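Engineer: got a sequence here, can you build the structure:
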Amino acid sequence: MWASARRLPTTPEPSLRSTAPQPTALPDRTKNLGYPCNLVPRYKLTIAYDGTDFAGWQKQEPPDPDATPDEHGDRPRIKLRTVQEIVERAVRETVREPVVLGGASRTDSGVHAVGQCAAFTTSAEAPEGRGWPPERGTEPLRRALNGRLPDDVYVSAVQQVHDGFNPITDATSKGYSYTFHASRDRTLWDRRYVHHVWCELDVDKMHEAAQHLIGEHDFASMAAANHGRQTTVRTIHNCTVTRETDHRIRLDVSGNGFLYNMVRIIAGTLYDVGRGTKESGDIPQILESGDRRQAGMTLPASGLRLEWIEYPETP
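Structural biologist: The predicted model follows:
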């Protein structure tokens with residue numbers, strides 16, 4: 001569906017140590033954090049956003065299709081509104097120096113999040129107030145970022161992490177939800193956050209079918225053709241379908257990673273089970289086939305939300 005560790009110098013062997021006076025140690029400003037002081041502190045952000053008006057998480061500058069090509073056939077590029085670009089700009093304005101913001105999950109256009117994670121590195125003691133020294137604290141940093149963000153993005157938490165922290169490769173699992181509004185009447189106020197279906201759905205059969213997805217499987221049949229991954233094998237830790245209200249049905253799925261459009265295709269396949277065009281017992285055969293045509297449709301982005309990303313206890 002829908003994103004350089006610095007190593008500290010090692011201590012010489014005792015027999016090779018110099019007898020010259022050693023330089024004074026740097027003050028340990030992060031002694032209460034459980035790891036050595038970072039000369040260039042790194043911060044992890046937990047980010048929530050309404051994805052409706054974004055072209056996804058990742059920064060994009062495609063060629064302008066309406067522009068006239070130059071003599072080399074190239075078109076000027078346009079900068080799309082993406083979450084990464086918006087948050088990175090807020091970080092840059094806050095720390096007053098260039099930064100690179102890396103995100104954990106490249107959510108697609110229209111996909112929402114309450115638990116996206118991203119990280120950046122900045123200076124600890126740059127001149128003219130640049131950077132963000134650890135002693136300033138993470139809560140003031142969070143408030144400063146939110147003061148520079150639009151209404152559809154919100155930083156819910158900031159944590160200082162070690163300078164080798166990678167929001168992508170350090171993640172151990174992710175959780176997504178997909179919400180259906182199953183009714184003959186449209187929903188209004190939360191229409192951006194659900195997928196409206198006009199038929200009744202059998203939640204018990206959908207949940208039964210979802211259990212076949214748990215475990216390690218080849219999900220080639222439930223991934224977009226251009227998923228761009230070397231392997232389509234993934235492990236699903238949990239998958240449930242529950243009825244929240246008379247007309248509101250929610251799919252929750254967690255795993256060690258997801259392929260492009262995988263959760264939306266899982267939702268589309270379970271939707272077919274719920275409306276009776278597929279049986280719960282069809283799921284193993286669909287997985288075994290590796291044939292994208294055997295699974296359900298790719299449902300719209302509106303119902304999908306990135307709920308959380310899990311990391312080791314001390315990132």
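Engineer: rest of the way, CA atoms for contacts and neighbours
Structural biologist: Fine.
Engineer: Ser109 contacts Lys59, doesn't it?
Structural biologist: No - judged on Cα atoms under 8 Å, Ser109 makes no contact with Lys59 at a distance of 11.4 Å.
Engineer: tell me which of the two has more neighbours.
Structural biologist: Ser109 (21 against 18; other Cα atoms under 10 Å).
Engineer: the closest residue to that one other than its chain neighbours - how many residues pack around it?
Structural biologist: Spatial nearest neighbour of Ser109, excluding adjacent residues (Cα to Cα, 6 or more residues apart in numbering): Gly56 at 3.8 Å. Gly56 has 23 neighbours, counted by other Cα under 10 Å.
Engineer: for Gly56, helix, strand, or coil?
Structural biologist: Secondary structure for Gly56, judged by DSSP: H, G, I helix; E, B strand; the rest coil, is coil.
Engineer: wait, what's in contact with it?
Structural biologist: Trp2, Thr82, Val83, Arg106, Thr107, Asp108, Ser109, Gly110, Val111 (Cα atoms under 8 Å, 6 or more residues apart in numbering).
Engineer: which pLDDT value goes with Pro12?
Structural biologist: Per-residue pLDDT puts Pro12 at 40.
Engineer: report the central residue of this protein.
Structural biologist: Nearest to the mean C-alpha position of the chain, by Cα atoms, centre = their mean, lies Ser105 at 2.7 Å.
Engineer: for Leu306, see how far away the residue nearest to Ser109 is.
Structural biologist: 12 Å (Cα to Cα, to the nearest Å).
Engineer: mutual contacts of these two, please.
Structural biologist: Thr107, Val111.
Engineer: surely the residue nearest to the centre of the chain meets Gln116?
Structural biologist: Yes - assessed by Cα under 8 Å, Ser105 is found in contact with Gln116 at 6.8 Å.
Engineer: helix, strand, or coil at the closest residue in space to Thr46 that isn't next to it in sequence?
Structural biologist: Spatial nearest neighbour of Thr46, chain neighbours left out: Cys117 (4.7 Å); criterion: Cα to Cα, 6+ apart. Secondary structure, three-state DSSP: Cys117 is strand.
Engineer: can you pull the contacts of Cys117?
Structural biologist: Taking Cα under 8 Å, 6+ apart, one finds Lys44, Leu45, Thr46, Ile47, Gly103, Ala104, Ser105, Pro167, Ile309 in contact with Cys117.
Engineer: local confidence estimate at the fifth one?
Structural biologist: Going back to what we said before, that points to Gly103. 96.
Engineer: can you pull out the strands in the stretch 1-150 of the chain?
Structural biologist: 42-49, 102-103, 112-121 (DSSP state E, counting those that start in this stretch).
Engineer: would you mind finding the most buried of those?
Structural biologist: Stretch with highest mean neighbour count among these: strand 112-121 (a mean of 24; mean count of other Cα atoms under 10 Å).
Engineer: avg pLDDT for it?
Structural biologist: On average, strand 112-121 scores 98.
Engineer: now that strand against strand 42-49, angle please.
Structural biologist: On the basis of axes from the mean of the first three to the mean of the last three Cα atoms, to 10 degrees, strand 112-121 is oriented at 160 degrees to strand 42-49.
Engineer: can you list the low-confidence ranges for the stretch 51-200 of the chain?
Structural biologist: In the prediction, the stretch 51-200 of the chain carries no residues with pLDDT under 70.
Engineer: host element of Gln230?
Structural biologist: Gln230 is located outside every helix and strand, with elements delineated by DSSP states H and E.
Engineer: just the one 5 residues further on next, same as before
Structural biologist: With the criterion set as DSSP H and E, the secondary-structure element containing Thr235 is strand 233-243.
Engineer: thank you kindly, that will do.
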